[in-house]
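# No sequence on hand, only this structure:
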């Protein structure tokens, strides 16, 4: 099956927008519009979805007024990230490949009374669209990410949590993927005054630093017109992830230099302050035994001091001017993670551990009900007993979700990102349609 990409993006953004009142549309301008909570138009209202309790909130007790339930961009997003830096926590950023994994993230965020970053890689976005779709010119990866974005936008409000909607690593060859997503955001902005996505990562860490900066500047200029954030990578994260293999890179490339970080900060600041830097301090993608990852978090504080010194004649000195991103955290000691947070890390990517937790949930489910999963009929209770309620995919997928939520609880704790919103404990979900007949208690 093949897709006509321009028509696809237009159809997705236009059909979704057709449910909105034309009077609410805002023209595209070169100045990002700060989306403060009292002026914000909820998707729940626009699509006539019930919005109660936390969903109906305009802001949160413990956060700046601009930060609201749902997807953030512009000033609301920056207010949240600044709050994280000032209050010493980092927001977990989880790679998702399905609506099920997105829902687990939203559930975990509400359970921990915290914000979350949901992100798609190009491969994850392609999977979200379905591997039966042709990915020529990244058509499937674009459509999958756009589809996932609408899912996140609709349900993040219902869960009552603030979400930054992001895309992960985009190497030079993948730039057409982000270009397609930017086109979708620009169409969405024309209708709603905010972009479809909050931010994108441009990962040109394997290119010469001058080229890396120049291309990132060109994208930031386009981003800034919609209040979008750019995440750029400086230095190389080791290991392997999503088809990118850096297992054999020279050791020195795993550690960024303060002078390089300042070059990035200085050049991007000329365009916008809406950027983060994924600097390298020994980070490694993938899974490794504790102690095998040699992190040097003090690289970050040395860079902060170096840049603060450079800026002291230009503006009031911020001791932590850079918002850093932590890639490749698997196998890292919690002490190293929390030290990095104290130096200005406001986002940490999580992928390998949640991949395992999702699979482990299914594995535990199969182990528990093994004898009920060997055929449609026949189990330890009798040769003629049906097994439908056991092999119903909702059962094993829910087991995967709950196991992932539990793993994310630990992530939120490690990143000091709990009880941030001020909402207290989440209420138990109620099934207003009554218990599903024959369902399992998972």
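Thanks, I have the structure now. Values in this document were obtained by computation on a predicted structure and should not be read as measured data. Numbering: from 1, shown residues only.

# And the strands in the chain, which stretches?
For the chain, applying DSSP state E gives strands covering 70-71, 91-95, 116-120, 162-167, 199-202, 229-234, 239-241, 244-246, 275-279, 324-326, 345-350, 377-379, 382-386.

# Need the per-residue pLDDT for residue 55.
At residue 55, the predicted lDDT confidence score is 87.

# picking that back up, looking at the strands of the chain, which is buried most?
Highest mean neighbour count of the strands of the chain: strand 116-120, a mean of 28 (counted as mean count of other Cβ atoms under 10 Å). Every C-beta, even on glycine, is put in place using the N, C-alpha and C of the backbone.

# what comes into contact with that strand?
Around strand 116-120, the neighbours that count as contacts under Cβ atoms under 8 Å, 6 or more residues apart in numbering are 91-97, 102, 105-106, 108-109, 128, 144-145, 148, 152, 156, 161, 163-168, 201, 347, 349.

# what's the residue closest to the geometric middle of this protein?
Note on the chain: the residue nearest the mean C-alpha position is residue 118, at 2.4 Å, using Cα atoms, centre = their mean.

# so where's the chain uncertain?
Residue ranges of the chain with pLDDT under 70: 1-40, 236-254, 284-293, 314-317, 330-331, 431-438, 441-442.

# now the helices: where do they sit in it?
In the chain, the helices defined using DSSP state H lie at 5-17, 43-46, 74-87, 99-111, 122-129, 139-159, 175-192, 209-224, 258-269, 298-311, 334-342, 352-368, 388-391, 393-414.

# angle of the fifth one against strand 91-95?
Per axes from the mean of the first three to the mean of the last three Cα atoms, to 10 degrees, the angle that helix 122-129 makes with strand 91-95 is 60 degrees.

# returning to that earlier point: between the strands of the chain, which one is nearest to residue 79?
Each of the strands of the chain has some distance to residue 79 by Cβ to Cβ; the shortest is strand 162-167, at 10.0 Å.

# strands paired with that closest one, and their directions?
The strands that strand 162-167 pairs with in its sheet are strand 70-71 (parallel), strand 116-120 (parallel), strand 199-202 (parallel) (by DSSP bridges).

# CSV please, covering those and showing distance to residue 385.
Compiled in CSV, those are given as follows (distance: least, Cβ to Cβ, whole Å):
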stretch, distance to residue 385
strand 70-71, 45
strand 116-120, 41
strand 199-202, 51
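
# so which of these gets nearest residue 367?
Closest among the strands paired with strand 162-167, using Cβ to Cβ: strand 116-120, at 29.5 Å.

# ok and the closest one relative to helix 175-192, angle-wise?
With the same axes, to 10 degrees defining the directions, strand 116-120 sits at 130 degrees from helix 175-192.

# can you tell me which residues contact the residue nearest to residue 411 when sequence neighbours are not counted?
Excluding the flanking residues, the one nearest residue 411 by Cβ to Cβ, 6 or more residues apart in numbering is residue 92, at 4.8 Å. Counting by Cβ under 8 Å, 6+ apart, residue 92 makes contact with 116, 117, 348, 350, 408, 411, 412, 415, 417.

# Could I get the residues you listed in JSON lines, plus columns for distance to residue 68?
JSON lines is the format used below for the contacts of residue 92 (distance: Cβ to Cβ, whole Å):
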{"residue": "116", "distance to residue 68": "14"}
{"residue": "117", "distance to residue 68": "16"}
{"residue": "348", "distance to residue 68": "23"}
{"residue": "350", "distance to residue 68": "24"}
{"residue": "408", "distance to residue 68": "22"}
{"residue": "411", "distance to residue 68": "23"}
{"residue": "412", "distance to residue 68": "20"}
{"residue": "415", "distance to residue 68": "22"}
{"residue": "417", "distance to residue 68": "18"}
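
# Sort out which one of the residues you listed lies nearest residue 368 for me.
Comparing the contacts of residue 92 against residue 368 with Cβ to Cβ picks out residue 408 as the nearest, at 21.7 Å.

# Test my guess that the closest one contacts residue 91.
No: assessed by Cβ atoms under 8 Å, residue 408 is found out of contact with residue 91, at 11.8 Å.

# and the end-to-end length of stretch 320-327?
This stretch, stretch 320-327, spans 19 Å end to end (Cα to Cα, to the nearest Å).

# if I pick the nearest residue to residue 90 once chain neighbours are set aside, what's in contact with it?
Nearest residue to residue 90, sequence neighbours excluded (Cβ to Cβ, 6+ apart): residue 415, at 4.4 Å. Residues counted as contacts of residue 415 (Cβ under 8 Å, 6+ apart) are 89, 90, 91, 92, 337, 341, 348.

# Pull the most distant pair out of the residues you listed.
91 and 337 (12.9 Å).

# Quick check: beta-bridge partners of the residue nearest to residue 411?
Per DSSP bridges, the residues bridged to residue 92 are residue 348.

# Over to residue 118?
Taking DSSP bridges as the rule, residue 118 bridges to residue 94, residue 165.

# For it, give its distance to residue 181.
Applying Cβ to Cβ, to the nearest Å, the value for residue 118 to residue 181 is 14 Å.

# So what's the residue count around residue 56?
When neighbours are defined as other Cβ atoms under 10 Å, residue 56 has 14 of them.

# cool, residue 365 as well?
Here the number of neighbours of residue 365 (other Cβ under 10 Å) works out to 22.

# Likewise for residue 343?
Per other Cβ under 10 Å, the neighbour tally for residue 343 reads 20.

# same question, residue 150
That count, for residue 150 with other Cβ under 10 Å as the rule, works out to 16.

# same question, residue 322
Per other Cβ under 10 Å, the neighbour tally for residue 322 reads 24.

# again, but for the one 10 residues further on
Residue 332 has 24 neighbours, counted by other Cβ under 10 Å.

# now it: how far from residue 351?
Taking Cβ to Cβ as the measure, residue 332 falls 13 Å from residue 351.

# Next: residue 137.
25 Å.

# cool, residue 185 as well?
Using Cβ to Cβ, residue 185 is found at 23 Å from residue 351.

# Likewise for residue 171?
Between residue 171 and residue 351 the computed distance is 16 Å (Cβ to Cβ).

# Over to residue 195?
On the measure of Cβ to Cβ, residue 195 and residue 351 end up 24 Å apart.

# From what I see, residue 358 and residue 406 are in contact.
No: between residue 358 and residue 406 there is no contact under Cβ under 8 Å: 11.2 Å.
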